[in-house]
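A.B. asks: Predicted model, plus sequence, below.
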Amino acid sequence: MKTASRVKQNLEVRRSDHTTIRYTASGPSGGQTLVLIHGWACDRSDFDAVTDHLPDDYRVLAIDLAEHGESRSSRNTWTMAEFARDVAAVLEAQSVDTAVVVGHSLGGAVAIEVGRLLPDTISHVVALDALHYLSLFPALSEAQAETMVRMFRDDFAGGVRGLVEGGSPDGTDPALIDAYFEKMVAVRQPAGLHAIEGLVRWDMDAALRATPQPITVFAIRDLVTHEAIDRYRERFDIVLIDLGSHHFPVEDPAGTANLLAGVRSR
């Protein structure tokens, strides 16, 4: 059963003098725990409606990564592994013994790193339209990485526009594309640029080799190539879906919640 709207607590945990992570907790403390990690230049509010559609017995922790949403940090390290420590701090504060970690876009990379960091706590890693983009994964050469990062350094708005349009299948409402662009281009700087660089320089294949948990990728059908399926079919379960654009958790929260509710039976 699910409620029309969950009671949500807005909480925070201080990792150190330089980082405060804010998050939302809802559901019973003894319920199956889902940890929700947003994508780059987004925030935990992307999961508000998804959370409301999940079964009542789920414990849901939706987290703002450092310098996203309401979280703040003056640190100098912006790797996927460091973002994973943001998530781990929340799990420690909540005394979580076991959880499924779910990440959208960049959050999928962070979810992999959380699995590596907490092998005895994370039972399953779920990526929402993440990990299958061969333009980012596997690891780029130094020259390729530098070219991509330079694109954002030289024309940040143009780079963001390219990301949003690249994640929008034919037929996506132009107003949605514009809304995603306006939200993402306003990411806090310089952390926003550094986070993109951290993703571009992340070695997913190395991370996958060190991640013991099962991994499920829910991927928008029109955004997946056969090459990606062939390359990774033996490492993670790619489930093709038709729920909208790259930002489908915002566009179809009920459908997204249904996917996540099914993970516990996988």
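C.D. replies: Sure, I can see it. Keep in mind the model is a prediction, meaning the values are calculated, not measured.

A.B. asks: Check which strands are paired with the one helix or strand Leu36 maps to and give the direction for each one.
C.D. replies: Per DSSP states H and E: Leu36 is located in strand 32-37. The strands that strand 32-37 pairs with in its sheet are strand 58-63 (parallel), strand 99-104 (parallel) (by DSSP bridges).

A.B. asks: Of those, which is nearest Val263?
C.D. replies: Of all these, it is strand 99-104 that lies closest to Val263, at 5.7 Å by C-beta to C-beta. (C-beta placed from N, C-alpha, C; glycine too.)

A.B. asks: Make JSON lines out of the strands paired with strand 32-37 and add distance to Pro119 and mean neighbour count.
C.D. replies: Listed next are the strands paired with strand 32-37 as JSON lines, based on distance: least, C-beta to C-beta, whole Å; neighbours: other C-beta atoms under 10 Å:
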{"stretch": "strand 58-63", "distance to Pro119": "19", "mean neighbour count": "25"}
{"stretch": "strand 99-104", "distance to Pro119": "12", "mean neighbour count": "27"}
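
A.B. asks: Any stretches of the stretch 101-250 of the chain with poor pLDDT?
C.D. replies: The model of the stretch 101-250 of the chain has no residue with pLDDT under 70.

A.B. asks: before we move on, the earlier item: what's the following helix or strand after the strand holding Leu36?
C.D. replies: helix 48-52.

A.B. asks: mind giving me a markdown table with the strands paired with strand 32-37 and columns for distance to Ala127?
C.D. replies: Supplementary listing: the strands paired with strand 32-37 in a markdown table, determined by distance: least, C-beta to C-beta, whole Å:
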| stretch | distance to Ala127 |
| --- | --- |
| strand 58-63 | 16 |
| strand 99-104 | 6 |
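
A.B. asks: Gly27: which of these is closest?
C.D. replies: strand 58-63 (4.3 Å).

A.B. asks: With only the CA atoms kept, save that closest one in CSV.
C.D. replies: Extracted C-alpha coordinates of strand 58-63, given in CSV (Å, rounded to 0.1, in the frame of the first residue of the first chain):
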residue,chain,number,x,y,z
TYR,A,58,9.7,1.5,2.5
ARG,A,59,12.2,3.6,4.3
VAL,A,60,13.4,6.3,1.8
LEU,A,61,16.4,8.5,2.0
ALA,A,62,16.7,11.1,-0.7
ILE,A,63,20.1,12.9,-0.6
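
A.B. asks: Next secondary structure after it?
C.D. replies: strand 72-73.

A.B. asks: What is the distance between that next one and the centre of its chain?
C.D. replies: Strand 72-73 sits 18 Å away from the centroid of its parent chain (C-alpha atoms, centre = their mean, to the nearest Å).

A.B. asks: now do stretch 116-133
C.D. replies: Using C-alpha atoms, centre = their mean, the offset of stretch 116-133 from its chain centre is 10 Å.
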